[in-house]
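Asker: Structure for the following, please:
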Amino acid sequence: MCFIWSDETKINRIRSDGKVYVRKKKGDSLTDREVNGTVNFGGGSLMVWDCMGWNGVGMLAEVEGKMNAEQYEDILNDHLLPSLAESGIDEEDIIFQQDNDPKHTSRRAREWFEEHNINVLDWLAQSPDVNFIEHLWGTLNKKLQAYENTPKGVWELWERVAVE
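Answerer: Numbering: from 1, shown residues only. Here you go, the predicted structure:
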């Protein structure tokens, strides 16, 4: 048996859409790298889905708009199944982890997993998130922040995400 961890994340073109804290010694001024500019309307972002197992990451999927159960099923068909096939893992040999988002626990998703003989890990609602893929998202964001220039648009952001 092999665990496959999955999740979605939002990737902003211009850093965080929340507060960012910087530790400084008293009297030290901020550097250009520590000051984030602002733009109207947030500057753009991507929502992506991916999965990972012991042998690496799966095929990255762009989430279009607000994901619903139908789009989630499409992602499972078009990204999860090819990822398993590419890594040589049989569908019946995995335990699939996902959070309890309504699209993941919908009747449509449950039927899809049953049809493909995929065991889904029971995940308690409101449980602390210990999904290992969160470390992947953290690493990806650090690599994206290492670029000197902000992506000119969402397409350039997507290209950077695909490279990293």
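Asker: tally of neighbours for Asn141?
Answerer: 17 (other Cβ atoms under 10 Å). Where you see a C-beta, it was placed from the backbone N, CA and C, and this is true even at glycine.
Asker: That should have said Asn12, apologies.
Answerer: Neighbour tally, Asn12, other Cβ under 10 Å: 17.
Asker: Also Leu124?
Answerer: 7.
Asker: Distance of it relative to His116?
Answerer: Applying Cβ to Cβ, to the nearest Å, the value for Leu124 to His116 is 24 Å.
Asker: Output the below-cut-off pLDDT ranges for the protein.
Answerer: By pLDDT under 70, the low-scoring segments of the chain are 15-20, 33, 35-43, 125-129.
Asker: all strands for it, in order.
Answerer: Assigned by DSSP state E, the strands in the chain fall at 2-12, 45-53, 56-57, 61-63, 94-97, 119-120.
Asker: Centroid-wise, who is the farthest residue in the protein?
Answerer: Within the chain, the residue lying farthest from the chain centre (Cα atoms, centre = their mean) is Gly27, at 38.5 Å.
Asker: Trp158 against Leu60, yeah?
Answerer: No. With contact defined as Cβ atoms under 8 Å, Trp158 does not count as touching Leu60 (9.3 Å).
Asker: The lengthiest helix in the chain packs against which elements?
Answerer: The single longest helix within the chain, with elements called by DSSP state H, is helix 133-145. On a contact count with 3 or more Cβ pairs under 8 Å, 6 or more residues apart in numbering; DSSP states H and E, helix 133-145 meets strand 2-12, strand 45-53, helix 154-163.
Asker: What lies in contact with that helix?
Answerer: 5-7, 9, 11, 15, 50-52, 57, 157, 160-161, 164 (Cβ atoms under 8 Å, 6 or more residues apart in numbering).
Asker: gap between that helix and the chain center?
Answerer: Mean-position distance between helix 133-145 and its chain equals 9 Å (Cα atoms, centre = their mean, to the nearest Å).
Asker: which of the residues in it are buried?
Answerer: Neighbour counts over helix 133-145 (16 or more other Cβ atoms under 10 Å) mark Ile133, Leu136, Trp137, Leu140, Asn141, Leu144 as buried.
Asker: again with stretch 142-159
Answerer: Leu144, Thr150, Pro151, Val154, Leu157, Trp158.
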